[in-house]
Each structure stands twice: as structure tokens, then as C-alpha cells.
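1. Starting from these lines, generate the structure:
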Amino acid sequence: MPVPPLTPASVDAISGAGNPEEAGSVPQTDFQPRAGSPSLPESYRSVPILAGASFFRKMIAFAGPGYLVAVGYMDPGNWATDLGGGSRYGYTLLSAVMISSLMAIFLQALSAKLGIATGRDLAQACREHYSRRTSAVLWVLCEIAIAACDLAEVLGSAVALKLLFGLPLLAGVLLTGFDVLLVLALQGRGFRVLETLVITLIMTIGACFAYEIFFARPLWIEAARGFIPTFQILKDREMLYLAIGILGATVMPHNLYLHSSIVQTRAFKLDAGGKREAIRFATLDSTLALGFSLFINAAILVLGAAAFHVRGMNDVADISQAYQLLTPVLGVSFASVLFAAALLCSGQNSTLTGTLAGQIVMEGFLHWRLKPWLRRLITRSMAIIPAAIVIGVMGEGRTTSLLILSQVILSFQLPFAVVPLIQFTSDRSKMGEFTNAPITAIFGWFMAAAIIILNAALLWLTFGGKL
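-> Okay, the predicted model is just below:
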């Protein structure tokens, strides 16, 4: 739905005209002046960017949002797929991990550009562009996706607690409800504190897997070949299913909403030059962070291949089973403990970013601002209740099925976030000089079509096709 262009007064309001440090030429767009406060107003433009700072200092200042986004690409929902792919097919599916990561890097760069160039996150842009009914549908779908992602985080954390401390799975699921207190405490201490914790947990996960891989002694030449796509994936139906699962479930839809908002925590200049610089550094930040998530996902698959596939253990897809086998298979102490510790870090990391994404989506689509503790309680309840019911009624053996279901739900919602993102960033009336170049737009639409086809295939293979 077209909307009136900005007025000169509203341009001044958004661009910071009147503030000598931030005044500048800001191209007009079709987006209306923002109604109300930005999402995450307590963190909006709270991280200063010093004028005249060196490249390295600016890179450090902009570093952070990309790592919060990268968390979603290494959450517990990906572990079973990566382990299953590695144990069953060795290093072959590393190409699927690499392609999905390249897709993520491209889409997150567009998400950052949207937030910086327009001053809006993806949810706010959808609300302003689409009809009220369409926006409501997109909001509901996104909330379902966030709940599905939270379900994977709940199950991953509960499984880790069981493996580390022997806590019953149902008790672990219920215990995860209290992590809302951690989220609230961190948000109250500043956005940089939250980013620092997330980066620390990511580095801990990386260190755990580096230890595991060192003793697993993978065949590095075979692993390198695994990054080269092969037609064997298309010929083998079961391998295709796992490859589609990796590709379709790796790119998290709520991360596109999240990234377009949290890049606005940096107080960059709001003129054209300042935005151009911010886009460049934000893209560098997310590319480096997602490169690290590629390492984590590849490490999980390589561990499955090196520890299990070469020993003829081709059906290790369950996280608990992998935990039980790692220490005796690798023959080193702490292998299983570090694996479970990395899983716990992964679950808690995803919890933090899922909370932020939920707040951004609700504020952006509805202009509702609930108290953080209430928002977190609602989101976590939507994950805990079904997990507790399934575990209580059907037993702990159904956790892997629940993890797979959460990824299928995310796959279904993904196109509803990708298509608006590419549409907005390719629209000159909204992006001005920051509009996607023709080749970028073509590649974006091609990628959107590929994601839709892959996810349709994933849904068909899950519910209709028999392997």
C-alpha cells in the first residue's frame, strides 16, 4: 500500500538535522515518519561511534550485532541434522552447510542495510507497506516461528542439563523457564554487556569443538572435498532429505527481523555518508560472525564423520547417543562433558537472542510494548508447554522428533520473511541510493525462489514422501 513521502520536517526529525554532528543529506523515501519509539528504545543508538576513529576502532565499535544473529545459526535445532549427516554420509554434506551459510551471509547483509538505510526494522517496514490484514498474518507467522525456535532452545538446554547433571528431561524443560531472569538482568546492564556474553558463549562453543576435533583426527583432505557440491546428493533420496534439512532450517526467519533492529543500536551519523559507512561495517561484522557459525556447524558434521562414520556407526543422529559415545570412541576424558557444555551454551545463547527478536517483532508489527518479563514469559510458555506435554505423555525419546518439528515450522515461515526483505531492499522509493544493484536484486530473487522450492521439498519429504 503506497504511503505519502516524507516531509522536510520529518526528514529533519529522522536525520538528526539541527544536531551538527548528525546533520546531512538524507534522501526521501516512501516510508512515513516512524510512529512512536523505535524497537528496543532502551538500546537505540546507545553505542557511540567516534568520529575520526581508525578503521580498527570503528570495526570494534560496530562488532556485536552480527554475533547475536550468528547464534541462531548454531542453535540446538541444527545439531541433530549435522550429527546425522556426518555419521551417515561422512563429509559429503559439508557442501550443504557451506551453501546455507553463504545464503545466510547474503540475507543478513540485506537485513542490516534495510535497518540502517531506512531507520526501520523489517517488522516496522512490513507494517507500513502492507495492509493491516497482511501485516497481522505476517506477525502471527513470525510469532509461531519464534515459538518453534524457542522450543528447540528449551529442548537443547534440557538435554544438556540431563547429560551434565542427570536432571530428568521434564524438570530441565521447566527449569528453563527461569532463564527469563538472566535475560532481564543483562538487558538492564546495557546492550554491550549482552553482546559480550553472547560472544563469550560462542567462543566457548568453538573451543569445545576444537578440542573434540583435535582428538577425532578427521581426514582433512576428504573434509575439504566435502565442501564441493556433488550430484550424489541429488541421486540419494535420504541424503537429499538431510541436505534440504540443513539448507532449509539453517536460515532463521526471526534473525532477519532481529538484525534489522539491533544494527540501530550504533550511533552512526544519519547522513548518506554515515549510513554508507555503517552498512559497510555492519556487513563486515555479520560476515565474520556467520563465518564463525559456519565453522561451528561444519565442526559438528566433521565430528560426526570423524568419530562415528569412519567406525561404521552410521545411525548416530540423537544428541544423547552422541554424548554417550564420544568419550569411549575418542578415548579422551571430558569429550562428552565438553559436548554437553557446548550444547548448554548454545541453548542459552539462543534464548537471549530469541527474547530480543520477540520484542522487536511485537513492537514492530503491532506497536505493542509489553514489559520485558511478560513478553519473555509468554514466549517461553509457548515453548515449555508443548515440550512438557509431549515428554510427559510420550516419554523422553520424542525429543529428537520435536527438534525436527521445530525446524520444519521454521522452514515453512522463512519465505514470509525473505520475500519482503528482498522486495523492500530492491525498491528505490524506499531505499534511495542504497537500493540493491540489479545483479544483487536478481540474485536475491533467485535465492528466495530456491529457498521456497527447497522448503516445499522438505515439507513434502517430511509429510508426504516416504524415504
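2. ok, the residue nearest to Ser381 when sequence neighbours are not counted - how many residues close by?
-> The shortest distance from Ser381 to any non-neighbouring residue, by CB to CB, 6 or more residues apart in numbering, is to Gly177 (7.6 Å). No exception for glycine: its C-beta is placed from N, CA and C like everyone else's. Using other CB atoms under 10 Å, Gly177 has 16 other residues around it.
3. from what I can see Gly177 touches Ile384, true?
-> Yes: using CB atoms under 8 Å, Gly177 is in contact with Ile384, at 5.6 Å.
4. May I have the secondary structure class of the residue nearest to Ser381?
-> helix (DSSP: H, G, I helix; E, B strand; the rest coil).
5. what's the distance between it and Leu454?
-> Between Gly177 and Leu454 the computed distance is 34 Å (CB to CB, to the nearest Å).
6. same deal with Ile442?
-> 19 Å.
7. could you say which helix or strand contains Glu195?
-> Taking DSSP states H and E as the definition, Glu195 sits inside helix 191-216.
8. To clarify, my last question referred to Lys430.
-> helix 428-431.
9. Determine the set of other helices and strands touching that helix.
-> Counting contacts by 3 or more CB pairs under 8 Å, 6 or more residues apart in numbering; DSSP states H and E, helix 428-431 packs against helix 94-118, helix 415-425.
10. wouldn't Tyr241 be in contact with Leu461 here?
-> Yes: counting by CB under 8 Å, Leu461 is a contact partner of Tyr241 at 5.0 Å.
11. What segments of the stretch 1-150 of the chain are strands?
-> For the stretch 1-150 of the chain, applying DSSP state E, counting those that start in this stretch gives strands covering 47-48.
12. Mean pLDDT per helix and strand in this protein: which one sits at the bottom?
-> Taking mean pLDDT, DSSP states H and E as the measure, the chain has helix 8-15 as its least confident helix or strand, at a mean of 35.
13. Near Pro41, how many residues? Count them for me, please.
-> Pro41, neighbours per other CB under 10 Å, totals 12.
14. meant to ask about Trp139
-> Neighbour tally, Trp139, other CB under 10 Å: 19.
15. just to revisit the earlier point, which one's more surrounded, Ile442 and Leu454?
-> Leu454 (21 against 12).
16. Which strands or helices does the helix or strand harbouring that one pack on?
-> Here Leu454, judged by DSSP H and E, is contained in helix 438-463. In terms of contacts (3+ CB pairs under 8 Å, 6+ apart), helix 438-463 is packed against helix 94-118, helix 237-250, helix 399-413, helix 415-425.
17. Could you report the pLDDT at the closest residue to Thr287 other than its chain neighbours?
-> Leaving aside its chain neighbours, Thr287 sits nearest to Ile105 (5.4 Å; criterion: CB to CB, 6+ apart). Per-residue confidence (pLDDT) for Ile105: 94.
18. Ile105: neighbouring residues, count only.
-> Ile105 has 20 neighbouring residues, counting by other CB under 10 Å.
19. That one is in contact with Leu290, isn't it?
-> Yes: using CB under 8 Å as the test, Ile105 is close enough to Leu290 to be in contact (4.9 Å).
20. Would you check how far apart the closest residue in space to Met431 that isn't next to it in sequence and Lys58 are?
-> Nearest non-adjacent residue to Met431, counting by CB to CB, 6+ apart: Ala117, 5.4 Å away. Computed with CB to CB, the distance linking Ala117 and Lys58 is 18 Å.
21. Between those two, which is the more surrounded one?
-> In this comparison of Ala117 against Lys58, neighbours counted by other CB under 10 Å, the higher total goes to Ala117 at 24 against 21.
22. Now do the same contact list for Leu421.
-> Contact analysis of Leu421 by CB atoms under 8 Å, 6 or more residues apart in numbering lists 107, 110-111, 114, 122, 256.
23. helix or strand right after the helix holding Glu195?
-> By DSSP H and E, the next helix or strand past helix 191-216 is helix 220-226.
24. If we go by neighbour counts, what in that next one is buried?
-> Buried positions in helix 220-226, judged by neighbour count with 16 or more other CB atoms under 10 Å: 222-223, 226.
25. Just send these back as CSV, with pLDDT too.
-> CSV is the format used below for those (pLDDT from 0 to 100):
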residue, pLDDT
Glu222, 92
Ala223, 92
Gly226, 93
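26. Can you tell me which of these is nearest Val193?
-> Ala223 (36.9 Å; CB to CB).
27. Which pLDDT value belongs to the nearest residue to that closest one once chain neighbours are set aside?
-> The shortest distance from Ala223 to any residue other than its chain neighbours is 4.8 Å, reached at Tyr91 (CB to CB, 6+ apart). On pLDDT, Tyr91 comes in at 94.
28. what do you get for Tyr323?
-> The model reports Tyr323 with a pLDDT of 82.
29. Quick one: neighbours of it, just the number.
-> Burial of Tyr323 is recorded as 20 neighbouring residues (other CB under 10 Å).
30. where exactly do the helices run in the stretch 1-150 of the chain?
-> According to DSSP state H, counting those that start in this stretch, the stretch 1-150 of the chain carries its helices in the segments 8-15, 55-62, 65-70, 76-89, 94-118, 122-129, 132-165.
31. Please point out which parts of the fifth one sit buried.
-> Along helix 94-118, these residues count as buried under the neighbour rule (16+ other CB under 10 Å): 94-101, 103-118.
32. what do you get for the longest one?
-> The neighbour-count criterion (16+ other CB under 10 Å) identifies 135, 138-139, 141-164 as the buried residues of helix 132-165.
33. what angle do it and helix 237-250 make?
-> Orientation note: helix 132-165 sits at an angle of 110 degrees relative to helix 237-250 (axes from the mean of the first three to the mean of the last three CA atoms, to 10 degrees).
34. now the angle between helix 122-129 and helix 132-165, please.
-> 170 degrees.
35. Report the mean per-residue pLDDT for helix 132-165.
-> If you average the pLDDT values across helix 132-165, you get 86.
36. relative orientation of it and helix 415-425 in degrees?
-> 120 degrees.
37. Equivalent analysis for the fourth one, please.
-> Between the direction of helix 76-89 and that of helix 415-425, the angle (the same axes, to 10 degrees) works out to 110 degrees.
38. Which elements pack onto helix 76-89?
-> Against helix 76-89 (3+ CB pairs under 8 Å, 6+ apart) you get helix 132-165, helix 237-250, helix 272-307, helix 319-330, helix 335-366, helix 399-413.
39. who's in contact with the second one?
-> Contacts made with helix 237-250 from outside it, assessed by CB under 8 Å, 6+ apart, are listed as 73, 77-78, 81-82, 84-85, 88-89, 92-93, 96-97, 99-101, 103-104, 232-234, 297, 404, 407-408, 410-411, 414, 451, 454-455, 457-458, 461, 465, 467.
40. And for Arg189, the neighbour number?
-> A count of nearby residues for Arg189, using other CB under 10 Å, gives 11.
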